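Peer 1: Quick one, what's the 3D model for this:
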Amino acid sequence: MSDKENRALNEQELQELVAASDSGARSVPGNLGIFIAAVALIWSIFQVLLASPWAPYILPSDAINNSRQIHLAFAIFLSAMAYPLFKRAPKHKVPWYDWVLAIGGALLALYGYFFYDKIVSNGGLADQTDAIASLAGLALLFIAAYRTLGPVMVILAMIFLAYVFFGSSDVVPEQIRWAGASLRKAMSHMWITSEGVFGIALGVSTRFVFLFVLFGALLDKAGAGNYFIKMAFGALGHLRGGPAKAAVVGSAATGLISGSSIANVVTTGTFTIPLMKRVGFSSEKAGSVEVASSVNGQIMPPVMGAAAFLMVEYVGISYVEVITHAFLPAIISYIALVYIVHLEAVKNRMPTLGDKVVKLWRTVLGMFLFFAGFAILCYATQFPVRLVTSMVPTGSGWILAALLGLVYLGLIYLASTVPDLEPDDPNSENVELPHIPSIYKSGLYYLLPIIVLVYFLMIERKSPGLSAFWATFLLFGILLTQRMLKAMFRGESAAVGKLKDGLFDLVAGLIDGARNMIGIGLATATAGIIVGTVSLTGIGQVMADFVEFLSGGNLILMLIFVAILSLILGMGLPTTANYIVVSSLMVAVVVELGAQSGLVVPLIAVHLFVFYFGIMADVTPPVGLASFAAAAVSGGDAIKTGFTAFFYSLRTVALPFVFIFNTDLLLIDVTLVQGILVFIVATIGILIFTAATMGWFLTKNRIWETVAMLLIAFTLFRPGFFMDMIQPPYDEVEPTALEQRLEQAPAGRDLRVVISGPDFDTLEMKDLTVVLTVPEVEGAQARLDEWGLLLLPEGDQVILEEPMFGTPLSDQLASFDFYGDEPVTISAVRAPAEQLPKELMFIPALALMALIAFLQSRRAETAAPARKGVPA
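Peer 2: Numbers count the residues shown, from 1 in each chain. Coordinates of the predicted model:
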């Protein structure tokens, strides 16, 4: 690229870039602009009312029952208003054809609402009129998705839809051919019922995602984004590579409230990237740090780019369990990114900003105490709440609301004692680091909505939608009153007039939240076509056979193939849509083929695996949108930025493979003490892995040191691999002795049973490993009955009858043909063996690391690298 092409964009151009991607590039002035904003405002108000506990008393029951249709109607209408259909289409007015597409798309999205009684009376089967209307609705949905999301999502959905109609054709290879569907059957599945477009994904978008996106938009409008960045910069800006470390921590904080990696890049990057360049980072490296930290915001609970709520539906576990499993990998990923920045700064001897001198250990301790204190505060909130509810059971809600109001007033008073925070100019001649003791008071009240959200989610265990509602409801009050109350406490004369400014802030936040939801709503609806195709045609089994063929049944190769597929699909899809598509196609494949290989992989681990690689597509060239956004801020080369960001994200690439084989990292079936140990060891492991891939620890690595450090990191992440070599983890039990062993096994013990037999579809012999937990009942036969197993011993064989319908194993073994010529048998039984603690493998690994540290420290003393930094 030429220098002109690599120039950094100005603020207006950057905002247009974000708008074009997230909320629409069209900005219409005058009355029409007010009308479009009013529609967005109505959408937000409808979604807030829908999530509220008063929804049954305010909204008509028809509107509640058909909320998915209403949700999609708003998204299609606003997409035509906010996103130009062509590059040369006008950006300051709405052409006539967009009005046709907007109104037509909205009406067809509401087809199920208007003709609900007719559809119910037909049992959900479309008649000819329904089918034609549904086909037209799909066409207008594709147009809306094209203008909002780009062509890839639409092309993919059309390929799957074509398979529904033409999958029975002779031109389709026999291996993937299916019976085919009529127009009426296909449209019933895709548009009329809740199996396709209006399926689980759109339901999640309607019930949960909108409220969290709105919560983030309102919190940012209140000023929390700037507060988080200032606090991060004040805490870390004085360190080597301080601006980059502040970018990482600031992006982690804004990632909590933002579902868009591109918006995250531009929001924090406009401040941090120029400062990173100032202390010695190249344009590409500065942009890469921002990309890696911003994209990782989508793996950070509680929002996770909307994927957390989808996982609840797909995996069948609670929201709290999902974010518990996702928490540790996200945290250690960010710790590793801070360490990457630190190593870049140290090996290039970058200067520091300002004259503040603080010991590194004090900074780390301060950060730890802040986050620990915040976590303790969230947890401790339950005790005064319980005290109030026990003392005043009937009116406790009003009392708690009043107490929360008093806390808010106190924190607003604190904020009024210091000046309001204004964004700094990173290009000014003298950069002053924010002084945390002077600025922390200005935004403590921003933590209240987050505490309310965490309290309802984690302590009260309310639904994500209701939890987000109460947090958002509090934000309404904050946006309305913060300006007025600060002015009153400061004694300013125009305090009451500030209430009007607060109202404008609230309305603007509601409009922003709705516009930010357009793409997500359309992505989840369009992805529903792929999900519907899988459920209608059974293409999932074909995908399993295809992946098994490519990988030769090797689990590692299969995981690599799934990872590459996730990356390829994600290059043209938003994160949410990519996750829906890949999880629909590949999760069952990984679980099934893993079981055939003897590895029982928890469903949540596989979902997180595909999700992690889906978000990496925002980084990976040639279509990494976040990398292009960062290059627009830094003026660097977008492709180089993308490759560098991918290199910085290697720990995000490695973690999914780790937690597939070591589910301790996801805190699955671990105690509190074990969880703390896992966190400490995993953090050390990821830091060692980072030092190995960066080629620098205390000084430049030698080749053998890098190899040794990779081996050490592997040992810390998966100690059982080497312990299993020393002591087998399972005792082999003869299948004929299963009942005897089952009689003696204590309740709660897991037995791994390998079942062999012909596949129901292909009739080829296959193995499947299932984990059976010994039930509480006494006696071998009673325990077999609990599982639904009927064993028929014949000589040295144990033949297995088909499990009874509704028993724990009926679904797992449904892929076997129990009535063929070859019987289904139990070919192996493995019981847990007495084994030394796998954690003993940490000792030699850490001893080797200590040796490397000793050798490198001696080299570092005799050969310090030359200083390369640029004076601040």
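Peer 1: What about residue 268? Give its phi and psi, please.
Peer 2: phi -90, psi -30 (degrees, to the nearest 10).
Peer 1: List the residues that contact it.
Peer 2: 225, 229, 247, 250-251, 254, 290, 293-294 (C-beta atoms under 8 Å, 6 or more residues apart in numbering). Just so you know, the C-beta spots here come from the backbone N, C-alpha and C atoms, and that holds for glycine as well.
Peer 1: hey, where'd the strands end up in this protein?
Peer 2: 730-733, 750-758, 765-773, 791-794, 797-800, 825-832 (DSSP state E).
Peer 1: Any buried residues in the third one, and which?
Peer 2: So the one you mean is strand 765-773. 766, 768-770, 772 (16 or more other C-beta atoms under 10 Å).
Peer 1: What strands flank it, and is each parallel or antiparallel?
Peer 2: Paired neighbours of strand 765-773 in the sheet (DSSP bridges): strand 750-758 (antiparallel).
Peer 1: Residue 496: neighbouring residues, count only.
Peer 2: 10 (other C-beta atoms under 10 Å).
Peer 1: Which parts of the stretch 51-200 of the chain are helices?
Peer 2: Secondary structure of the stretch 51-200 of the chain (DSSP state H, counting those that start in this stretch): helices at 55-58, 61-65, 67-82, 96-109, 111-114, 116-121, 128-149, 151-166, 183-187, 200-204.
Peer 1: Out of the ones you listed, the one nearest residue 352 is which?
Peer 2: helix 128-149 (42.9 Å; C-beta to C-beta).
Peer 1: List the buried residues of the closest one.
Peer 2: For helix 128-149, using 16+ other C-beta under 10 Å, the buried residues are 130-131, 133-138, 140-149.
Peer 1: any idea of the mean pLDDT for that helix?
Peer 2: Averaging pLDDT along helix 128-149 yields 92.
Peer 1: circling back to that earlier point, now the contacts of residue 268: which count as buried?
Peer 2: 225, 229, 247, 250-251, 254, 290, 293-294.
Peer 1: of these, the lowest pLDDT goes to which?
Peer 2: For these, the pLDDT minimum is residue 254, 68.
Peer 1: quick one on the thing from earlier: would CSV of the strands of the chain with distance to residue 514 and mean pLDDT be doable?
Peer 2: Formatted as CSV, these follow (distance: least, C-beta to C-beta, whole Å; pLDDT from 0 to 100):
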stretch, distance to residue 514, mean pLDDT
strand 730-733, 55, 84
strand 750-758, 49, 86
strand 765-773, 46, 83
strand 791-794, 59, 84
strand 797-800, 55, 86
strand 825-832, 54, 86
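Peer 1: can I get the ones you listed in TSV with distance to residue 323?
Peer 2: Output for those, formatted as TSV (distance: least, C-beta to C-beta, whole Å):
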stretch	distance to residue 323
strand 730-733	32
strand 750-758	26
strand 765-773	25
strand 791-794	41
strand 797-800	39
strand 825-832	30
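Peer 1: between the ones you listed, which gets nearest to residue 61?
Peer 2: Nearest of the strands of the chain (C-beta to C-beta): strand 765-773, 42.6 Å.
Peer 1: Which among the strands of the chain is found nearest to residue 633?
Peer 2: So among the strands of the chain, strand 765-773 is nearest, using C-beta to C-beta, at 49.2 Å.
Peer 1: In CSV, list the C-alpha atoms belonging to that closest one.
Peer 2: The C-alpha trace of strand 765-773 is given here as CSV (Å, rounded to 0.1, in the frame of the first residue of the first chain):
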residue,chain,number,x,y,z
MET,A,765,-18.8,-51.4,12.9
LYS,A,766,-17.9,-48.6,15.3
ASP,A,767,-16.9,-48.0,18.9
LEU,A,768,-18.5,-45.5,21.3
THR,A,769,-17.2,-44.7,24.8
VAL,A,770,-19.8,-43.7,27.4
VAL,A,771,-19.3,-42.6,31.0
LEU,A,772,-21.6,-44.2,33.4
THR,A,773,-21.9,-42.8,37.0
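Peer 1: ok so, going back, and the helices of the stretch 51-200 of the chain, which one's lowest on average pLDDT?
Peer 2: helix 116-121 (a mean of 81).
Peer 1: Flag every buried residue along it.
Peer 2: Applying 16+ other C-beta under 10 Å to helix 116-121 flags residue 119 as buried.
Peer 1: And the contacts of it?
Peer 2: 62, 65-66, 112, 126, 130, 192.
Peer 1: related to what we said a few turns ago, nearest to residue 466, out of the strands of the chain?
Peer 2: Taking those one by one with C-beta to C-beta, strand 765-773 is closest: 33.2 Å.
Peer 1: which other residues reach that closest one?
Peer 2: 592, 595-600, 748-759, 787, 809, 812-813, 815-816, 822, 827.
Peer 1: Same question for stretch 668-687.
Peer 2: By C-beta under 8 Å, 6+ apart, the list of residues contacting stretch 668-687 reads 325, 328, 331-333, 335-336, 339, 602, 604-605, 651, 655, 663-665, 667, 712-713, 716-717, 839, 842, 846.
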